[in-house]
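*Asks:* could you look at this predicted model? Sequence included:
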Amino acid sequence: MAENEIFIIPILISVAVSIIIGLVFSKIYKGNDKVDEGFELNYFKLSYRRKMIRTAILFPFIVILLIIVYFFFNWSLIVFVSFALLLLLGTTVQMLYNYNKWKKEAGRKM
């Protein structure tokens, strides 16, 4: 087994488990009342406004994570830049999606 394959298998398993858990929880909490005030640990119970706020709060932590990865992991520059762009782009898309859904939901309530 090649050295690169050792790292790919756990990553693929982690991604698959995350997707499955995300699908299960979104199905369970679909149509339930969403929390818009107070603390809620479960992401799937949050309203779109709160999901957007939680995603925005994560941005500084993502930047700190990227700094740590840059200095402590021996990745080539192209791998690091690809990882950083994927992480930042994914978070930005998630925040914009939640913002749009929040505004549509607010428009329906009026």
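*Replies:* Received, thanks.

*Asks:* for L86, see how far away I78 is.
*Replies:* 12 Å (C-beta to C-beta, to the nearest Å). (Each C-beta comes from the backbone N, C-alpha and C, glycine too.)

*Asks:* what does I9 give?
*Replies:* According to C-beta to C-beta, I9 stands 19 Å off from L86.

*Asks:* okay, now the unreliable bits of the chain?
*Replies:* Applying pLDDT under 70 to the chain flags the ranges 1-5, 110.

*Asks:* where do the helices sit along this structure?
*Replies:* For the chain, the helices defined by DSSP state H occupy 3-29, 48-72, 77-109.

*Asks:* so for V35, which of these sits nearest?
*Replies:* Among those, helix 48-72 comes nearest to V35, with 6.7 Å by C-beta to C-beta.

*Asks:* give the other helices and strands that that closest one contacts.
*Replies:* Helix 48-72 is packed against helix 77-109, with contacts defined by 3 or more C-beta pairs under 8 Å, 6 or more residues apart in numbering; DSSP states H and E.

*Asks:* okay, the angle between the helix it packs on and helix 48-72?
*Replies:* 170 degrees (axes from the mean of the first three to the mean of the last three C-alpha atoms, to 10 degrees).

*Asks:* so how far is helix 77-109 from its chain's centroid?
*Replies:* Mean-position distance between helix 77-109 and its chain equals 8 Å (C-alpha atoms, centre = their mean, to the nearest Å).

*Asks:* does anything pack onto it? Which helices or strands?
*Replies:* helix 48-72.

*Asks:* now do the buried residues in the helix it packs on.
*Replies:* Applying a neighbour-count criterion of 16 or more other C-beta atoms under 10 Å, one finds 48-53, 55 buried in helix 48-72.

*Asks:* nearest the geometric middle of the chain, what residue?
*Replies:* Residue closest to the average C-alpha location in the chain (C-alpha atoms, centre = their mean): T91, at 5.8 Å.

*Asks:* that residue reaches F59, doesn't it?
*Replies:* Yes. Here T91 reaches F59: they are 6.6 Å apart, a contact under C-beta atoms under 8 Å.
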